[in-house]
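1. structure for this input, please:
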Amino acid sequence: MKIMKVLCVVFSILIFSQNIYSKQTAPESGQANNSIFQIRLYHLKDDNQVSMTDNFLKDAYLPALHRYGIKNIGVFKPISNDTASDKVIYVLIPFSSLDQWMKINDRLNSDAAYKSAGEKFLHADAKNPPFQRLESILLQPFSGQTFLKIPKEKNADRVFELRSYESPTWHLADKKRAMFNKDEMNIFTRLSFDPVFYGEVISGSHMPNLMYMPIFKSVEDRNAQWKVFGNDPKWKEISADPFNENNVSVNHIDSILMHSTDYSDY
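-> Model prediction:
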């Protein structure tokens, strides 16, 4: 009987864990429904490393993920990359579950086509490494948008803005996330910001924080849209509401303007 009780408890835990990572909102047509997002940041020092990483992502990494049914992978470069000493390539990958993310490296390590296509990158000489560092951020999507919202067509001029809001405490981070789910996301939708995703960082070097990625036609359009947002009556109302503690809920903001690469899925 004791063994049966233990088995029942274990089974219940497994079912509960599966529900945590698989409960999703049905996406609209043309959108991807996912429960975990990963952002991989390749930090690069020069054009040679940029070229090596571009070729690896284009010819080996993305094709392999596509073979495993992982679609709608975004690859982005900051507009400031050309003059920056730390050049970065951002890769946004949607995973259907935490389990899929955990197993992806094992699948890649046993993929002959991937290893062949990525040979120069994967086995580069230590004197000529393909990148300086690789950073990984895991995000859990907000309940208000559990899927990636993908643009219908590619546009080289389109600007993707990756925004990161760091909070001084977990309590205030929860306040800010709730503020997004209750009101801010509705404002962004009404004003046609059309963010690709909203997510809470569950593993990363800057926590607690949340991240999201609105889309604009151009840098000029981006600047104009944020002015409209700042003057929006609903935004003024909720940002001034003492309950939201908006004046202290965020103590650091990063904003990175980017274009998608020609081999990005969108």
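
2. list the contacts for E161?
-> 213-216, 222, 255-258 (CB atoms under 8 Å, 6 or more residues apart in numbering). Glycine gets a C-beta too; all of them are placed from N, C-alpha and C.

3. spell out the secondary structure type for it.
-> strand (DSSP: H, G, I helix; E, B strand; the rest coil).

4. what pairs with it across the strands?
-> Beta-bridge partners of E161, counted by DSSP bridges, are L257.

5. where does it land on pLDDT?
-> We have a pLDDT of 98 for E161.

6. for F121, which non-adjacent residue is closest in space?
-> Residue nearest to F121 in three dimensions, not counting chain neighbours: F56, with 3.7 Å by CB to CB, 6 or more residues apart in numbering.

7. who's in contact with that neighbour?
-> Counted by CB under 8 Å, 6+ apart, F56 has contacts 118, 120-122, 130.

8. how far away from the center of its chain is stretch 225-233?
-> 24 Å (CA atoms, centre = their mean, to the nearest Å).

9. buried set for that stretch?
-> In terms of neighbour count (16 or more other CB atoms under 10 Å), stretch 225-233 has its buried residues at 225-226, 229, 232.

10. ok, of those residues, which one's closest to D194?
-> Ranked by distance to D194 (CB to CB), those are led by Q225 at 10.5 Å.

11. now do the strands in this protein.
-> Here the chain has its strands, by DSSP state E, at 32-33, 36-44, 74-78, 87-95, 133-141, 147-148, 159-166, 198-203, 209-212, 215-216, 252-260.

12. using CSV, write out every CA atom in the fifth one.
-> Right, the one you point to is strand 133-141. C-alpha atoms of strand 133-141 as CSV (Å, rounded to 0.1, in the frame of the first residue of the first chain):
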residue,chain,number,x,y,z
ARG,A,133,30.5,34.8,-25.2
LEU,A,134,27.0,33.2,-25.6
GLU,A,135,24.3,34.4,-23.2
SER,A,136,20.9,32.7,-22.7
ILE,A,137,17.7,34.1,-21.3
LEU,A,138,14.6,32.0,-20.6
LEU,A,139,11.2,33.6,-20.5
GLN,A,140,7.7,32.5,-19.5
PRO,A,141,5.1,34.3,-21.6
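
13. so which other helices or strands are in contact with it?
-> The contact analysis (3 or more CB pairs under 8 Å, 6 or more residues apart in numbering; DSSP states H and E) places strand 133-141 against strand 36-44, strand 198-203.

14. rebuild those strands as TSV, extending it with mean neighbour count and distance to F188.
-> Output for those, formatted as TSV (neighbours: other CB atoms under 10 Å; distance: least, CB to CB, whole Å):
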stretch	mean neighbour count	distance to F188
strand 36-44	20	18
strand 198-203	19	9
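
15. for the stretch 151-266 of the chain, just list every one of the helices.
-> Under the criterion DSSP state H, counting those that start in this stretch, the stretch 151-266 of the chain contains helices at 170-179, 185-190, 219-230, 233-240, 246-249.

16. need the winner for burial among these.
-> Ranked by mean neighbour count, the helices of the stretch 151-266 of the chain are led by helix 170-179 with a mean of 17 (mean count of other CB atoms under 10 Å).

17. let me know the angle separating it from strand 159-166.
-> Per axes from the mean of the first three to the mean of the last three CA atoms, to 10 degrees, the angle that helix 170-179 makes with strand 159-166 is 140 degrees.

18. what about F147, how many residues close to it?
-> By other CB atoms under 10 Å, the residues close to F147 number 21.
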